[in-house]
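[1] The following comprises the amino acid sequence and a computationally predicted model.
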Amino acid sequence: MDSNLQKLQSLGVFGIIIETIKLIYQWRKIFTQITLLFILPSYLITFTNFALILFASQTIYFLVFNLVSIIITTVLTVIATATVVYTVACVYAKRDISFKHVIGVVPNVWKPVLGTSLCYYATLFALNFVGSLVVFLIVVSNKNLVVILFIFLIMFFMGTFYLISIWKLSDVVAVLEGLCGLKAMAKSKGLVKGKVRMVKKLVMALGLPVGVVQYVFFCLVVQPTCIGMVGKGVLVIIWILSFSVFFLVTQVAKTVLYFVCKLDHDEIVDKLALSDHLRVHLLENYNDMLKVDDHVRIEKLQVV
């Protein structure tokens with residue numbers, strides 16, 4: 001096993017964050033390209049949509065724009081996730097990395113990533129629906145309301161947090177192992193086994209800055225304040241840039257976490273095998289391009 005991968009086995013929360021910062025700094029050119037092309041635009045669209053929800057009238061044009069913006073944001077998020085995960089894996093596999101190669105892998109991995117994300121949101125929706133139903137039944141039918149409701153809410157939030165912890169790795173599994181949906185989440189669940197406490201701490205560490213920025217933004221921009229339009233405009237720019245950086249850091253960190261969990265379960269991560277697996281994605285895309293090119297040539301010959 002490569003020494004660069006071996007050293008990951010003993011990393012904790014702080015070590016993963018430090019490793020994440022090192023990776024982003026060492027490969028800042030390609031990560032900057034990914035951020036500017038995919039992550040930043042997705043948050044620009046997200047903010048625009050949020051602003052329209054607050055201030056625009058609920059017309060048919062608004063609903064159409066809302067739907068289109070959700071689709072575009074989803075596409076950009078899937079591409080950003082796939083490219084970041086693939087880049088980190090290439091670093092550990094010691095493969096040559098270029099932005100062209102990273103983009104080339106997207107056609108072969110976007111379906112598993114999208115399917116896994118949709119599966120997660122469907123599961124989260126079902127969990128919240130059942131939780132809301134149970135809370136309603138407790139309120140309506142039980143006299144010992146406070147105690148039972150308190151116990152249930154604790155269990156509910158623990159279950160939701162555990163689901164989020166599993167989902168953090170499922171996207172990486174979808175990209176690097178080709179699993180999709182429930183299979184990717186089941187694999188992720190197996191990987192975090194024995195590391196659940198550490199994973200939860202990492203999720204909290206990564207989520208805390210997001211919560212702080214979101215709260216400050218809500219207090220200073222959304223709520224009426226003495227800050228003028230120029231000041232609020234600056235805060236909006238800071239919000240978009242901050243969330244873009246948070247997204248990048250989270251994606252890199254959960255990819256590092258994936259390798260940490262793999263090594264913790266004694267799943268051998270061989271540099272050569274990983275490199276071969278990553279090469280397959282590019283070869284599949286290259287073969288598809290050759291098929292299209294051959295088809296075009298045949299059509300040209302038929303015309304002649």
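    Yep, it's here. This one's a predicted model, so the numbers in the text were calculated from it and none came from an experiment. Numbers count the residues shown, from 1 in each chain.

[2] Does anything pack onto the helix or strand where P209 lies? Which helices or strands?
    Secondary structure assignment for P209, by DSSP states H and E: helix 196-217. Counting by 3 or more Cβ pairs under 8 Å, 6 or more residues apart in numbering; DSSP states H and E, the packing neighbours recorded for helix 196-217 are helix 13-26, helix 145-177, helix 229-264. C-beta coordinates here come from the backbone N, C-alpha and C atoms, glycine included.

[3] Any chance of those helices in CSV with mean pLDDT, mean neighbour count and distance to I45 as columns?
    Shown next, in CSV, are the helices and strands packed on helix 196-217 (pLDDT from 0 to 100; neighbours: other Cβ atoms under 10 Å; distance: least, Cβ to Cβ, whole Å):
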stretch, mean pLDDT, mean neighbour count, distance to I45
helix 13-26, 91, 16, 23
helix 145-177, 80, 18, 20
helix 229-264, 86, 19, 10
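
[4] and of those, who's closest to I72?
    helix 229-264 (15.5 Å; Cβ to Cβ).

[5] report the angle between the axes of the closest one and helix 196-217?
    Angle of helix 229-264 versus helix 196-217, following axes from the mean of the first three to the mean of the last three Cα atoms, to 10 degrees, is 180 degrees.

[6] any idea how far helix 229-264 is from the chain center?
    10 Å (Cα atoms, centre = their mean, to the nearest Å).

[7] for that helix, packing partners?
    With 3+ Cβ pairs under 8 Å, 6+ apart as the test, helix 229-264 has helix 3-6, helix 13-26, helix 28-34, helix 40-55, helix 60-93, helix 145-177, helix 182-192, helix 196-217 packed against it.

[8] Roughly how far does P209 sit from I240?
    Distance from P209 to I240, counting by Cβ to Cβ, to the nearest Å: 15 Å.

[9] outside of the helix holding P209, which residues touch it?
    12-13, 16-17, 161-162, 164-165, 168-169, 192, 235, 239, 242-243, 246, 249-250, 253, 257 (Cβ atoms under 8 Å, 6 or more residues apart in numbering).

[10] make it 6 Å
    Contacts to helix 196-217, defined as Cβ atoms under 6 Å, 6 or more residues apart in numbering, come from residues 13, 165, 192, 239, 242, 246, 250.

[11] Repeat that for stretch 243-258.
    16, 19-20, 23-24, 35, 39-40, 43, 81, 84-85, 88, 168-169, 172, 206, 210.

[12] Out of the helices and strands packed on helix 196-217, flag the one nearest T116.
    helix 145-177 (4.5 Å).

[13] Burial check on the residue lying closest to I164 once chain neighbours are set aside, number of neighbours?
    Leaving aside its chain neighbours, I164 sits nearest to V203 (6.3 Å; criterion: Cβ to Cβ, 6 or more residues apart in numbering). With neighbours defined by other Cβ atoms under 10 Å, the count for V203 comes to 21.
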